[in-house]
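*Asks:* Give the three-dimensional model of this entry:
(4 chains)
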Number of protein chains: 2
Amino acid sequence: MKPRTPTDFVILGTLIPGERHGYEIMRFLESALEGAWRVSTSQLYVLLKRMEQEGLVVSRSEAQDIRPSKRVFHVTPLGRDAFEAWVNRPVPHVRDLRMEFICKLFFFRHLSLPGAMKLVLAQIDAIEALQERIRKHPKGEKDAFLNLLYGFKARNIECLLRWLKEEAATFADKYSS
Amino acid sequence: MKPRTPTDFVILGTLIPGERHGYEIMRFLESALEGAWRVSTSQLYVLLKRMEQEGLVVSRSEAQDIRPSKRVFHVTPLGRDAFEAWVNRPVPHVRDLRMEFICKLFFFRHLSLPGAMKLVLAQIDAIEALQERIRKHPKGEKDAFLNLLYGFKARNIECLLRWLKEEAATFADKYSS
DNA sequence: AGAATCATGTAAGGGGTTACATGATTCG
DNA sequence: CGAATCATGTAACCCCTTACATGATTCT
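*Replies:* As a prediction, the model looks like this:
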């Protein structure tokens, strides 16, 4: 299984509750995720086609009298497994907290999935491991630029950890079955 | 003038002190920016070629007896102008602080450019404008996910502003002519 | 009358990646 | 003897974006 982009999983997630056609997926992402995850319409159809070739989704054509006919997609067991593996896996990089991790939390709530708290805790562990690696860098370095860079990283990681422990954990606790 | 990627400007910046060939640029970026900005070797040569077509740099071939011959690049006035405009312009998005903005500060120090403090202040203004837009979002919203999302953004921006005002400003103050 | 909605796509191009090719030299 | 350094590139592929095409319907 080759590595997939988060967009694939976001699309899979919107199909978990039941079948939908492309246009519906688009509108759902625009309204529910409001800027948390953007997919252009053209890219959406490209991805759906590729995901069907890879067996993550299947589609059937549905004729309509007035409107153009739709292609309705639903998730296969393979697709469902891929989504579940993704949604329970913490993101590896700090930069992915901003969007991808928050999207995962969205789906925990949207789909009433269990284990949101487990994910948050695993994510905290992952980020704390990164924090350790930054701490290893000597602080009283002669290179002022590197000090600035590591200062940024250290502060940022601290801030994100606080968010994870306070707001994300609260969210996971409240809004997940 | 079409919008360029930061990588273009980073390459231009390394050429400001004097001419260099591709391999030298590569090693400089690896050592001095240490992970703050990555360019793969293949991409570097592609970019240099395109930048020459666009008139930002010029190259001449330099034969060597033993080693393969080098192409030595230097910046044109056009390229210098483009770099200076870039380095003095605050980044428009929060996500660009992480790498691009820090790279700018690097060049202020590396090239002993004036105006680092001015950039930091302009950047603070730009980020504070974004902060205002986030503050406009109603807080006691019914949608728990949006609250989480905006909570994240608000906290993150706060943390970044603190870094800008404390560490980045100090750096700009100390290490710029 | 013009804009937005519904609905699905193709085409072109931009920016990036990894893998590969070449070929001598010097270091461990 | 094998690995790293020096030095420049090409090829294939990936993901994404914008622009464009179609064509009826409903809202303003």
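*Asks:* quick one, domains of chain A?
*Replies:* A:1-87, A:115-177 (automatic domain parsing).
*Asks:* Could you save those as TSV and add columns showing mean pLDDT and distance to DNA strand D?
*Replies:* C-beta coordinates here come from the backbone N, C-alpha and C atoms, glycine included. Rendered in TSV, the data for those read as follows (pLDDT from 0 to 100; distance: least, C-beta to the nearest atom of the strand, whole Å):
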stretch	mean pLDDT	distance to DNA strand D
domain A:1-87	93	3
domain A:115-177	92	20
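*Asks:* Next, format those as JSON lines and append mean neighbour count and distance to B:Ser31.
*Replies:* What follows is those, written out as JSON lines (neighbours: other C-beta atoms under 10 Å in any protein chain shown; distance: least, C-beta to C-beta, whole Å):
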{"stretch": "domain A:1-87", "mean neighbour count": "16", "distance to B:Ser31": "30"}
{"stretch": "domain A:115-177", "mean neighbour count": "16", "distance to B:Ser31": "11"}
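*Asks:* Check which helices and strands whichever strand or helix holds A:Asp81 is in contact with.
*Replies:* Per DSSP states H and E, A:Asp81 falls inside helix A:77-87. Under the contact definition 3 or more C-beta pairs under 8 Å, 6 or more residues apart in numbering or on different chains; DSSP states H and E, helix A:77-87 sits against helix A:6-15, helix A:102-110.
*Asks:* State the separation between it and the centre of the chain it belongs to.
*Replies:* Distance, stretch centre to chain centre, for helix A:77-87: 12 Å (C-alpha atoms, centre = their mean, to the nearest Å).
*Asks:* B:Asp143 is nearest to which of the domains of chain A?
*Replies:* Taking C-beta to C-beta, domain A:1-87 is the member of those nearest to B:Asp143, at 8.7 Å.
*Asks:* Show me which residues of chain A sit near DNA strand C.
*Replies:* Within reach of DNA strand C by C-beta under 7 Å from any atom of the strand, chain A has these residues: A:21-24, A:27, A:41-42, A:45-46, A:48-49, A:64, A:67-72.
*Asks:* what ranges do the strands span in chain A?
*Replies:* A:20-21, A:57-62, A:70-75 (DSSP state E).
*Asks:* and of these, who's closest to A:Lys136?
*Replies:* Nearest of the strands of chain A (C-beta to C-beta): strand A:70-75, 42.9 Å.
*Asks:* Name the surrounding residues that touch the closest one.
*Replies:* Residues outside strand A:70-75 that contact it (C-beta atoms under 8 Å, 6 or more residues apart in numbering or on different chains) are A:12, A:15-16, A:18-23, A:25, A:48, A:52, A:56-62, A:64, A:83.
*Asks:* Also compute the angle for it relative to helix A:77-87, please.
*Replies:* Orientation note: strand A:70-75 sits at an angle of 70 degrees relative to helix A:77-87 (axes from the mean of the first three to the mean of the last three C-alpha atoms, to 10 degrees).
*Asks:* In the sheet, which strands lie alongside strand A:70-75, parallel or antiparallel?
*Replies:* strand A:20-21 (antiparallel), strand A:57-62 (antiparallel) (DSSP bridges).
*Asks:* Kindly reformat the ones you listed as CSV containing distance to A:Arg98.
*Replies:* Output for the strands paired with strand A:70-75, formatted as CSV (distance: least, C-beta to C-beta, whole Å):
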stretch, distance to A:Arg98
strand A:20-21, 26
strand A:57-62, 27
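*Asks:* wait, which of the ones you listed is closest to B:Arg155?
*Replies:* Among these, strand A:20-21 sits nearest to B:Arg155 (C-beta to C-beta), with 33.6 Å.
*Asks:* what residues does the closest one touch?
*Replies:* So strand A:20-21 is in contact with A:14, A:28, A:62, A:70-73, going by C-beta under 8 Å, 6+ apart.
*Asks:* Could you find the closest non-adjacent residue to the residue of chain A found nearest chain B?
*Replies:* For chain A, the residue closest to chain B is A:Cys159, as judged by C-beta to the nearest C-beta, at 3.7 Å. Take A:Cys159 and drop its neighbours on the chain: the residue closest to it by C-beta to C-beta, 6 or more residues apart in numbering or on different chains is B:Cys159, 3.7 Å away.
*Asks:* now the helix holding A:Asp81 against helix A:6-15, angle please.
*Replies:* 120 degrees.
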